[in-house]
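Asker: My questions are about this predicted structure, shown below with the sequence.
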Amino acid sequence: MQPEVVCLGAVNLDLLFQVRDLRPFQEVWPEVRPGTERALEDDDEALLKALLGQYADPVGRCGGGQAANTAFALARMGVAAALVGRVGEDEAGDFLLAGLAGVDVSRIVREGTSGRAYILVDREGERTIFVAPHTNDELSEEDIPQEFLAAARRVHFTSFVGSGPLAVQTQVAARLREPGPGRPEGPGGVEGSPRLSLDPGELYARRGREALAGLLSVVETLLVTETEWQLLGGGKEGRPGWAPPVVLVKRGAAGARLLTAAGQEDFPAPRVGAVDTVGAGDVFAAGYLAGRLRGLSLTQAVHLAVAAAAASVSGRGRQAYPDAAFLERHRHLFPET
């Protein structure tokens with residue numbers, strides 16, 4: 001079955017640790033602060049593992065990566081979703097694929113060592129993330145089933161660590177927007193081509209707006225946290241001219257902000273007892289995409305996205321991701337058929 005949404009981004013094994021003190025890690029990486037994300041070189045990973053053995057306690061592991069989380073959340077809600085990317089030809093790769101029930105993983109390339117995200121949780125609950133990309137950063141054009149993506153209704157891009165995969169994504173996005181036989185250029189873009197969205201994450205946002213210019217010029221929707229929006233040069237008010245038509249600023253417990261040419265609108269989040277906030281932004285993206293695919297207006301889809309993210313934080317890992325029953329409880333948002 002052809003998926004409605006294809007997600008293209010890094011797929012990681014999330015390894016969770018409770019840290020007693022972040023200072024030993026900051027002595028090696030002074031730029032590290034609670035709530036930030038840092039990429040690791042191979043030598044860095046060995047050093048990090050040694051420090052974790054001294055100053056942290058392992059909590060568990062789960063599947064991760066923005067693209068994988070979003071694809072899984074979409075599938076849980078009954079949206080046909082596929083994941084394109086790479087996992088290792090190792091036990092971790094087996095574990096990652098087994099945790100993506102309902103997602104079309106037939107186009108995943110298996111080679112090398114699976115990517116890993118070391119998530120350090122301090123006593124205040126703040127998370128500091130170290131990412132070892134491994135096979136993710138070997139993504140090439142040969143890994144991308146272009147016709148498979150072109151047949152989807154939406155393609156959702158998320159971050160990698162290296163510049164090589166970003167260049168591949170930029171080329172893929174440009175080709176998806178090229179006019180061709182049966183796909184003429186129209187007033188709203190290329191007819192018959194999928195709508196594109198981008199969730200850059202902190203790693204891409206730190207590269208700056210110029211590095212992402214190729215993607216920003218062709219995507220319809222940009223999803224960012226407040227920190228990422230600032231890193232890209234976004235202000236507190238309004239949508240700047242360089243931004244895609246729709247900007248969704250994810251504001252955590254405060255909800256979300258929608259920025260369009262018509263202005264901005266804030267969407268408060270319901271109060272919930274948060275157990276685990278990792279991946280909430282990816283579930284937000286899934287809620288938004290599911291809503292738009294099911295005929296919701298822009299504002300209705302944002303309401304659904306906020307509710308989906310809030311639901312997801314009530315359990316650990318992907319345990320509380322919204323499902324078909326969640327959509328049924330929000331049936332009032334959907335148009336009558």
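Answerer: Great, that's in hand.

Asker: Just list the residues touching residue 79, thanks.
Answerer: Residue 79 makes contact with 4-5, 286, 289-290, 293, according to C-beta atoms under 8 Å, 6 or more residues apart in numbering. C-beta coordinates here come from the backbone N, C-alpha and C atoms, glycine included.

Asker: Tell me which two of these sit farthest apart.
Answerer: Greatest spatial distance among those (C-beta to C-beta): 4 and 286, at 11.8 Å.

Asker: if you count what's nearby, which of the two comes out ahead?
Answerer: Taking neighbours as other C-beta atoms under 10 Å, residue 4 and residue 286 compare with residue 286 leading, 32 against 18.

Asker: Mind checking what secondary structure the more buried one has?
Answerer: What DSSP: H, G, I helix; E, B strand; the rest coil gives for residue 286 is helix.

Asker: So it sits against residue 304, correct?
Answerer: No. At 9.7 Å, residue 286 does not count as touching residue 304 under the criterion of C-beta atoms under 8 Å.

Asker: from the contacts of residue 79, which ones fall inside helices?
Answerer: 286, 289-290, 293 (DSSP state H).

Asker: would you turn these into CSV with distance to residue 316 and pLDDT?
Answerer: Below are those laid out as CSV (distance: C-beta to C-beta, whole Å; pLDDT from 0 to 100):
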residue, distance to residue 316, pLDDT
286, 18, 96
289, 24, 97
290, 22, 96
293, 28, 96
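
Asker: Can you get me the start-to-end distance on stretch 127-139?
Answerer: Terminal residues of stretch 127-139 lie 27 Å apart, using C-alpha to C-alpha, to the nearest Å.

Asker: Could you pull up the mean pLDDT of that stretch?
Answerer: What stretch 127-139 shows for mean pLDDT is 95.

Asker: Distance from that stretch to the middle of the chain?
Answerer: Centroid separation for stretch 127-139 versus its chain: 14 Å, with C-alpha atoms, centre = their mean, to the nearest Å.

Asker: residue ranges of the helices in the protein, please?
Answerer: Counting by DSSP H, the helices of the chain are 23-28, 42-55, 66-76, 91-98, 146-150, 163-176, 201-205, 213-216, 226-231, 280-293, 298-312, 324-329.

Asker: Closest one to residue 149 out of the ones in helices among the contacts of residue 79, please.
Answerer: Taking C-beta to C-beta as the measure, residue 149 sits nearest to residue 289 out of the ones in helices among the contacts of residue 79, at 14.6 Å.

Asker: Correct me if wrong: the closest one contacts residue 73.
Answerer: No. Contact criterion C-beta under 8 Å: residue 289 and residue 73 do not qualify, at 9.2 Å.

Asker: Compare the ones in helices among the contacts of residue 79 and tell me which is most surrounded.
Answerer: Counting by other C-beta under 10 Å, top hit in the ones in helices among the contacts of residue 79: residue 286 with 32 neighbours.

Asker: For residue 247, see how far away the nearest residue in space to that one that is not next to it in sequence is.
Answerer: Closest residue to residue 286 apart from its sequence neighbours, by C-beta to C-beta, 6 or more residues apart in numbering: residue 73 at 3.5 Å. Using C-beta to C-beta, to the nearest Å, residue 73 is found at 21 Å from residue 247.

Asker: Mind checking which of the two has more residues around it?
Answerer: residue 73 (31 against 21).

Asker: which residues sit in contact with that one?
Answerer: Contacts of residue 73 (C-beta under 8 Å, 6+ apart): 282-283, 286-287, 308, 312, 318, 321-322.

Asker: rewinding a little: residue 17: which of the contacts of residue 79 is nearest?
Answerer: Among the contacts of residue 79, and counting by C-beta to C-beta, the member closest to residue 17 is residue 286, at 26.4 Å.

Asker: What residues does that closest one make contact with?
Answerer: 69-71, 73-74, 77, 79, 305, 308, 322.

Asker: of these, buried ones?
Answerer: Among those, those classed as buried by 16 or more other C-beta atoms under 10 Å are 69-71, 73-74, 77, 79, 305, 308, 322.

Asker: what's the distance between the one residue sitting closest to the centre of the chain and residue 82?
Answerer: Nearest residue to the geometric centre of the chain (C-alpha atoms, centre = their mean): residue 66, 3.0 Å. Counting by C-beta to C-beta, the gap from residue 66 to residue 82 is 15 Å.

Asker: cool, and residue 49?
Answerer: Taken as C-beta to C-beta, the span from residue 49 to residue 82 is 33 Å.

Asker: Check residue 143 too.
Answerer: 14 Å.

Asker: Kindly report the same for residue 217.
Answerer: Residue 217 is 25 Å from residue 82, by C-beta to C-beta.

Asker: one step back: out of the contacts of residue 79, who's nearest residue 28?
Answerer: Nearest to residue 28 among the contacts of residue 79, counting by C-beta to C-beta, is residue 286 at 35.3 Å.

Asker: Make CSV out of the contacts of residue 73 and add distance to residue 211.
Answerer: Shown next, in CSV, are the contacts of residue 73 (distance: C-beta to C-beta, whole Å):
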residue, distance to residue 211
282, 22
283, 26
286, 26
287, 28
308, 29
312, 29
318, 30
321, 31
322, 33
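
Asker: of all those, which two lie farthest apart?
Answerer: Farthest-apart pair in the contacts of residue 73 is 287 and 318; separation 14.2 Å (C-beta to C-beta).
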